[in-house]
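1. using only what follows, build the 3D model:
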Amino acid sequence: MLRNPIIIFMIVLAAGIFFSSRELQRLPDGKLHVYFLDVGQGDGALIVTPSGKQIVIDGGPAEGAMLSELSNHLPFFDRSIDMLVLSHPHLDHLFAFPDILRRYRVGRILMTGEQAALPRYQEFLGLIREQRIPILLADPDKDIDFGDGVTLDIVWPQPDLFGKTSDGNNTSVMLRILTGSGIVFFSGDAEKEEEIAALASGADMRATVLKVAHHGSKTSSETGFLLAVRPSLGIISAGKKNKFGHPNAVILDRFEALGVPLKVTSVEGMIEVRY
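-> Have a look, this model is predicted:
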C-alpha cells in the first residue's frame, strides 16, 4: 500500500493530465473524422463532423467491441449521438444498436424501414418506439445537411421498402458523406444487383474513400461500380480469420488492377480518415 503522500499526489496528477489530454483530443477540431471501427466480422463506423456532431453507421456483430470502440473516440462525459444509421437489418450490422440506445441519447435514426424477424432487430425497434426517437427513411431525394459543411447524400435505395421484407443485402442504405475536401462512400452489404440499380438511377457515385461493400465479398464491388466511384482508397471491415474468407482474393486483385490501395480492419485495426 502506498503511504507516501507525495507519490500518491504525483500518481493522481499524472492520471489527471493523461485524462485531460485524452479528452482534449476528442474535442471538435474543425475537421471531419471518419473512424472505421475494429468490430470483427461486421461493420461499424463513427463519424465526427467539424462541429462535433456524431453519426454512427451500423453496430457491428457484438455489443462489446462496438461499445468499446465508441468509448475510445467519444468524450467521456458525452452520452449523446446525433444520428444512428442502419444500413440493413442483419446481425453483423445491428447487434450493438439496442445497447447503444440504452447507453446514449440518440437524436434520430436513418434506416429503410424494412421488415425482419430477427429478435435483435425487433428489440431495436421496440426501444425506438419506447424512446420515441424520430426515424428518417432513406430517400435519395432528401439529403441530410448537418450545417457545418457535412452533408449525407443518400444514394440508394428508393423509399418504398417500409413494411416489406427482402434479403437485406440488396436493400442496403448506400450514402456518401460530402465535405469540401473529400467524399466518403458507405455501401453497406450491397451486392451486384444493387450496384447496378444505383448506377442506373444516374446518381453521382464519385468518392474519395469507399467503404467496400459486404466485407470484401466477391458478390460485390463490380468493376463498373468501382469505375463510377473512382475511389483513391478502399476500406474493408472484416474479422481476423473469418469463416467466409473475407476479403476475397478476387476483390483484392480487382482493386489492385484498378490501382486503388486497400486497408483492412482485420490487419490494421481501427482505420481513421480525416478531412
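2. from here on, just use CA atoms for contacts and neighbour counts.
-> Will do.
3. where are the low-confidence patches of the stretch 1-150 of the chain?
-> For the stretch 1-150 of the chain, applying pLDDT under 70 flags the ranges 1-28.
4. repeat that for 50
-> 13, 15-16, 19-21, 23-24 (pLDDT under 50).
5. now do the strands in this structure.
-> 33-36, 44-48, 54-59, 80-85, 105-111, 135-137, 144-145, 151-156, 174-178, 183-186, 209-211, 233-236, 262-264, 271-274 (DSSP state E).
6. the first one: how far from the chain's middle?
-> If I follow you right, that is strand 33-36. With CA atoms, centre = their mean, to the nearest Å as the basis, strand 33-36 stands 8 Å off its chain's centre.
7. contacts for it?
-> Residues from elsewhere that reach strand 33-36, judged by CA atoms under 8 Å, 6 or more residues apart in numbering: 44-50, 235, 237, 265, 270-275.
8. closest to residue 73 out of these?
-> Using CA to CA, residue 46 is the member of these that lies nearest residue 73, at 8.4 Å.
9. and the residue nearest to the closest one when sequence neighbours are not counted, how far is that from residue 250?
-> Distances taken as CA to CA, 6 or more residues apart in numbering put residue 56 closest to residue 46, at 4.6 Å, once the chain neighbours are dropped. Distance of residue 56 to residue 250, given as CA to CA, to the nearest Å: 30 Å.
10. who has more neighbours out of the two?
-> residue 56 (23 against 13; other CA atoms under 10 Å).
11. out of the contacts of strand 33-36, which end up buried?
-> 44, 45, 46, 47, 48, 49, 50, 235, 237, 265, 270, 271 (16 or more other CA atoms under 10 Å).
12. closest to residue 177 out of the residues you listed?
-> Closest approach between the buried ones among the contacts of strand 33-36 and residue 177, by CA to CA: residue 47, at 9.3 Å.
13. so the closest one is in contact with residue 56, correct?
-> Yes: here residue 47 reaches residue 56: they are 6.3 Å apart, a contact under CA atoms under 8 Å.
14. spit out the contact partners of the nearest residue to residue 144 once chain neighbours are set aside.
-> Once flanking residues are discounted, residue 144 sits nearest to residue 152: 4.9 Å by CA to CA, 6+ apart. The contact partners of residue 152, by CA under 8 Å, 6+ apart, come to 143, 144, 145, 175, 176, 177, 178.
15. and which of these is nearest to residue 76?
-> residue 177 (25.6 Å).
16. what is the burial count for residue 84?
-> 23.
17. actually, residue 148.
-> 15.
18. for residue 36, same thing?
-> Other residues close to residue 36 by other CA under 10 Å number 24.
19. measure the residue nearest to residue 101 when sequence neighbours are not counted to residue 109 for me?
-> Nearest non-adjacent residue to residue 101, counting by CA to CA, 6+ apart: residue 127, 7.2 Å away. Applying CA to CA, the value for residue 127 to residue 109 is 12 Å.
20. tell me which of these two has more neighbours.
-> With neighbours defined as other CA under 10 Å, residue 127 and residue 109 compare such that residue 109 has more, 21 against 17.
21. wait, the more buried one touches residue 85, no?
-> Yes: counting by CA under 8 Å, residue 109 touches residue 85, with 5.8 Å between them.
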